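1. quick one: sequence plus predicted model below, questions after.
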Amino acid sequence: MKRGNLCSPASGEALPFILPVILFMLLLVALPVIGTFINSLFRDVPFLEKRFVGFGNFARLFKDPGFRESLLFTALFLLISVSLEMVLGTLFALTMNEKSRLTTLLRVAVLLPWVIPVAVGARIWQLIYNYDYGLLNSIIVLFGGTPVNWLGSPGLALFSVILADVWKTTPFVALIVLTGLKAIPEEVYEQARIDGTNLFNRFFLITFPILRPVFTVALLFRTIDALRVFDVIYVLTGGGPGGSTTSISLFAYRYFLLGDFGLGSASSVVLFLIALSLSVLYLRAARFKEAIS
Amino acid sequence: MSEEKTKKILISASSVFILLFSLVPLLWMLAVSFSGNIDFLRSGRYLITLSNYHDIVRLRNLHFTDYMRNSMIIATLTSLIVVAIGLFAAYAVTRMNFPRKELFVMGVLAVSMFPQISIVGYLFKLMSSIGLINTYPALIIPYVAWTTPVVLWLLTSYLTGIPRELDEAALVDGASRGKALLRVIFPVAAPGVFSAILIAFILSYNEFMFALMLTNDFRARTIPVGIALFQGLHGEIPWGYVMAGAALASLPVILIALFFQRYITEGLTRGAVKG
C-alpha cells in the first residue's frame, strides 16, 4: 500500500531510515494478521487436508456456548477491571501529586507491580489465594473465619482474577494521570480557592475536565489491554473453574494448542475486530490526534 | 483551615493504602521464598532458610538458570535492535519529509492495539516452517516488531523536543543525515534513547504469549514461562521454589525500577501521552 510512494524521489532520502521499521511491521505484523484472516476461512486441523470452508468456522464459533461464555467473561473482566483501575489510578495520582516525605517511596512502590512480569505477579497472587497456606485465608482463619476457595467458584474466580490485574496495572493509569496533573498550572486553582470551592468540587469542576484527554488515552490503552487479557488468567485459573474465566485470547490459544488453526484463527479474528472497532470508537470520541499532539 | 486538615488526613490514609497495596504481595513473595515451612502464618513458626534460593540455582534439571540466561540475552538484544531501528525511523519522522508520513506513524501506532493472539498462530506456523521454533531468533524477531510502536512513539516525542537547528548546522557543514543523527542528535537524545532501551527491555523480558507458543524447552524458554509452568515432580507446586524463582526473576526489572525510576516513568508516560 505504501510501495508506490516510497519509490518516488522525494522519499529517497528518508527510505533507508524507515525501511527496517516498515519491513518488521509488514513481515511480522501485517503478514501474520492477513495470514490469520485467511486461515480463519479454512478447516486447518492435524491429519486432515486443508479445506476452504468460508465463514463456516465463525458459524461454529457463535453456536459454541464456550465461545459465548468467553465473550461474556472478557466483557465483564474489561468493564470491572478497567473501571476499578481508572478510579484507583486517579486516586493514586492525586495522592502522589501532593508533596510529602513519602513521594519518592510512593513513586517507586507503585512502579514495582508494573515492572515485574505478569506471569510472576500472577504466581504470587495464586499463592495469596491458595486455600491451605494462602495469605488471605490465613488472615481469615486468624480472625476466626472459615477459609474461602478463592479460585474455586466462577464468581469468586472472576473477582480474584480482577484483583490481581488491578494490582498489576493500576500503576500504569496512575503514572499517566500523574503526568497530566503535573502539567496543570497552579494558577488554574487560584480563583477557585478564592471562591471557596471545596476539595471535591475542585476536582470534578476543574481537574477532571482538563485531564479528559489524558483519561481517554489511559482508558484506550487499558481497554485494549484488558480485551486481550491472557497471561494473568493462564497462570491464575487456566480459564477455570469450568471455563468461567476463559478470555477470548485463551479460548483461541487452546485451539492453536490442539493444532486447529482454522478455529483458533477465527476466534482471533473476532477479537481483532472487536479491538479495532473499540479503538476507532474511542479515537472518534476523543479526537485522539488532538490529545496526543 | 479544616479543609486543609481533611486533605492531609486523606492524603496520608491514601499513601498508606498505596504502599500496602503495592508492596504486601511482594513482601509475601519474599517471606515465602525465605521460609522452610510454607504454613508459617498458621503455625506461627517461621523457619528462615536460604535453601529455596540455593536449590533453584543449583538443581540443573529445574533449568532456572537457563531460563534466566535466555531471558536476559533475548531482552537485551531485542531492546538494542528495536531502539537502533526506532531511532532512525524517529529521526526521519521528526526531521525529514516523506510521502504518507502520517500513515506511517499511525500505522505503526495501530500495531500496539493488535491483540497478540491474532498473530501468534500464524507466527507459530511460520517459525516452524523455517525451523526457528525454540531458538532465540524465534522470540527476538517478533519482540522487535512488537516493541517497535512504543519505542518509535517515545523516541519521536523525544526528538521533537530537540531543536532542529542542531542538525541543520551539521548538515550545512557537509555532514550526511546519518552522521548528523549519530554525531549530533544521538548524544543529545541519549537520555531518551536510554529510557527507550529500558522500556523495551522490560516489555520483552516480561512477554508471555509468544514465549509460551514459540519455545518448548530450556534452550529458549524465558523466565516468565518458566515460572508459570514450574511444577514439582508429582504435580504438586513447590511454593518455596516458585517464590524464590519469582523473586530472582523480578530482580533485574526491580533493580531497573529502583535505579532508573525517572527514566521509566518518563518513558512510560511519553509512550502514551506527550509530556
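-> Everything's here; your move. Numbers count the residues shown, from 1 in each chain, chains lettered A, B, ... in the order given.
2. can you pull up the most central residue in the chain?
-> You didn't pick a chain, so chain A it is. Taking CA atoms, centre = their mean as the criterion, A:D225 is the residue nearest the geometric centre of chain A, at 1.9 Å.
3. you looked at the wrong chain, it should be chain B
-> Nearest to the geometric centre of chain B sits B:I202, at 1.2 Å (CA atoms, centre = their mean).
4. mind listing the helices for the stretch 51-200 of chain B?
-> All helices of the stretch 51-200 of chain B, identified by DSSP state H, counting those that start in this stretch, fall at B:51-58, B:64-95, B:101-111, B:117-129, B:136-160, B:164-172, B:177-179, B:186-206.
5. so where is the chain shaky, pLDDT-wise?
-> No chain was given, so I picked chain A. For chain A, applying pLDDT under 70 flags the ranges A:1-11, A:286-293.
6. actually, chain B is the one I wanted.
-> B:1, B:232-234, B:270-275.
7. and B:S51, how many residues sit next to it?
-> Residue crowding around B:S51 was assessed by other CB atoms under 10 Å in any protein chain shown; the count is 15. C-betas here are computed from N, CA, C, even on glycine.
8. give me the distance between the residue nearest to it when sequence neighbours are not counted and A:G56.
-> Nearest residue to B:S51, sequence neighbours excluded (CB to CB, 6 or more residues apart in numbering or on different chains): B:G36, at 6.6 Å. According to CB to CB, to the nearest Å, B:G36 and A:G56 sit 57 Å apart.
9. between those two, who's got more neighbours?
-> Taking neighbours as other CB under 10 Å, B:G36 and A:G56 compare with A:G56 leading, 17 against 14.
10. picking up where we left off before, and among the helices of the stretch 51-200 of chain B, the most buried is which?
-> Burial of these is given as mean neighbour count (mean count of other CB atoms under 10 Å in any protein chain shown); helix B:136-160 ranks first at a mean of 24.
11. before we move on, the earlier item: mind listing what the residue nearest to B:S51 touches?
-> B:G36 makes contacts with B:L47, B:I48, B:T49, B:S51, B:G240, as judged by CB atoms under 8 Å, 6 or more residues apart in numbering or on different chains.
12. what two of those are the furthest from one another?
-> With distances taken as CB to CB, the most widely separated pair in the contacts of B:G36 is B:I48 and B:G240, at 11.9 Å.
13. can you give me the domain boundaries for chain B?
-> B:2-33, B:60-272 (automatic domain parsing).
14. redo those domains as CSV? Include distance to A:R202.
-> Output for the domains of chain B, formatted as CSV (distance: least, CB to CB, whole Å):
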stretch, distance to A:R202
domain B:2-33, 10
domain B:60-272, 23
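15. tabulate the ones you listed in a markdown table, adding columns for distance to chain A.
-> Formatted as a markdown table, these follow (distance: least, CB to the nearest CB, whole Å):
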| stretch | distance to chain A |
| --- | --- |
| domain B:2-33 | 4 |
| domain B:60-272 | 4 |
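16. which of those domains sits closest to A:V21?
-> Taking CB to CB, domain B:60-272 is the member of these nearest to A:V21, at 4.3 Å.
17. distance between the closest one and the chain's centre?
-> Centroid separation for domain B:60-272 versus its chain: 7 Å, with CA atoms, centre = their mean, to the nearest Å.
18. go on, stretch A:69-82?
-> Its chain's C-alpha centre and that of stretch A:69-82 lie 11 Å apart, by CA atoms, centre = their mean.
19. same check, this time on stretch B:15-25
-> Distance of stretch B:15-25 from its chain centroid, counting by CA atoms, centre = their mean, is 23 Å.
20. run through who's touching the one helix or strand A:Q126 maps to.
-> Assigned by DSSP states H and E, A:Q126 belongs to helix A:118-128. Outside helix A:118-128, the residues that touch it by CB under 8 Å, 6+ apart are A:113, A:133-136, A:151, A:160, A:163-164, A:167-168, A:231-232, A:234-236, B:25-26, B:28-29, B:32, B:206, B:208, B:223-225, B:227-228, B:230, B:239, B:242-243, B:246, B:249-250.
21. repeat the analysis, applying 6 Å as the threshold.
-> Residues from elsewhere that reach helix A:118-128 (CB atoms under 6 Å, 6 or more residues apart in numbering or on different chains): A:134-136, A:164, A:168, A:231-232, A:235-236, B:25, B:29, B:208, B:224, B:227-228, B:239, B:242, B:246, B:249-250.
22. go on, stretch B:74-86?
-> Contact with stretch B:74-86 is made by A:20-21, B:136, B:139-140, B:143-144, B:147-148, B:151-152, B:155, B:196-197, B:200-201, B:204-205, as judged by CB under 6 Å, 6+ apart.
23. now swap in stretch A:215-233 and tell me
-> Stretch A:215-233 is contacted from outside by A:78, A:81-82, A:85, A:118-119, A:122, A:161, A:164-165, A:173, A:176, A:245, A:247, A:249-250, A:275, A:282, A:286, B:113, B:115, B:208-209, B:272-273, using CB under 6 Å, 6+ apart.
24. pretty sure B:S22 sits against A:A109.
-> Yes. Using CB atoms under 6 Å, B:S22 makes contact with A:A109 at a distance of 4.4 Å.
25. so what's B:Y143 up against?
-> Applying CB under 6 Å, 6+ apart to B:Y143 gives the contacts B:T78, B:S204.
26. what about 10 Å?
-> Going by CB atoms under 10 Å, 6 or more residues apart in numbering or on different chains, B:Y143 touches A:28, B:74-75, B:77-79, B:81-82, B:200, B:203-205, B:207, B:210-211, B:222.
27. farthest pair in these?
-> Longest span within the contacts of B:Y143, CB to CB: A:L28 and B:Y205, 19.0 Å.
28. ok, A:F77 touching A:L163?
-> No. Using CB atoms under 10 Å, A:F77 is not in contact with A:L163, being 11.5 Å away.
29. those two - which one has more neighbours?
-> More neighbours surround A:F77 than the other of A:F77 and A:L163, with 21 against 17 (other CB under 10 Å).
30. what sits against the more buried one?
-> Taking CB under 10 Å, 6+ apart, we find A:F77 in contact with A:L158, A:V161, A:I162, A:D165, A:A226, A:L227, A:V229, A:V232, A:I233, A:T245, A:S247.
31. want to try a markdown table for those, with neighbour count and secondary structure as columns?
-> Converted to a markdown table, the contacts of A:F77 look like this (neighbours: other CB atoms under 10 Å in any protein chain shown; DSSP: H, G, I helix; E, B strand; the rest coil):
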| residue | neighbour count | secondary structure |
| --- | --- | --- |
| A:L158 | 18 | helix |
| A:V161 | 27 | helix |
| A:I162 | 22 | helix |
| A:D165 | 28 | helix |
| A:A226 | 21 | helix |
| A:L227 | 22 | helix |
| A:V229 | 25 | coil |
| A:V232 | 26 | helix |
| A:I233 | 25 | helix |
| A:T245 | 28 | coil |
| A:S247 | 26 | coil |
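32. who's in contact with the residue nearest to B:L87 when sequence neighbours are not counted?
-> In space, and not counting its chain neighbours, B:L87 is closest to B:L155: 5.7 Å by CB to CB, 6+ apart. Counting by CB under 10 Å, 6+ apart, B:L155 touches B:83, B:86-91, B:93-94, B:189, B:192-193, B:195-196, B:267, B:270-271.
33. surely A:F24 meets B:G107?
-> No. Using CB under 10 Å as the test, A:F24 is too far from B:G107 to be in contact (12.0 Å).
34. of the contacts of B:Y143, closest to B:S128?
-> Within the contacts of B:Y143, the smallest distance to B:S128 is 13.7 Å, found for B:F210 (CB to CB).
35. correct me, but that closest one touches B:T147?
-> No. Judged on CB under 10 Å, B:F210 makes no contact with B:T147 at a distance of 11.4 Å.
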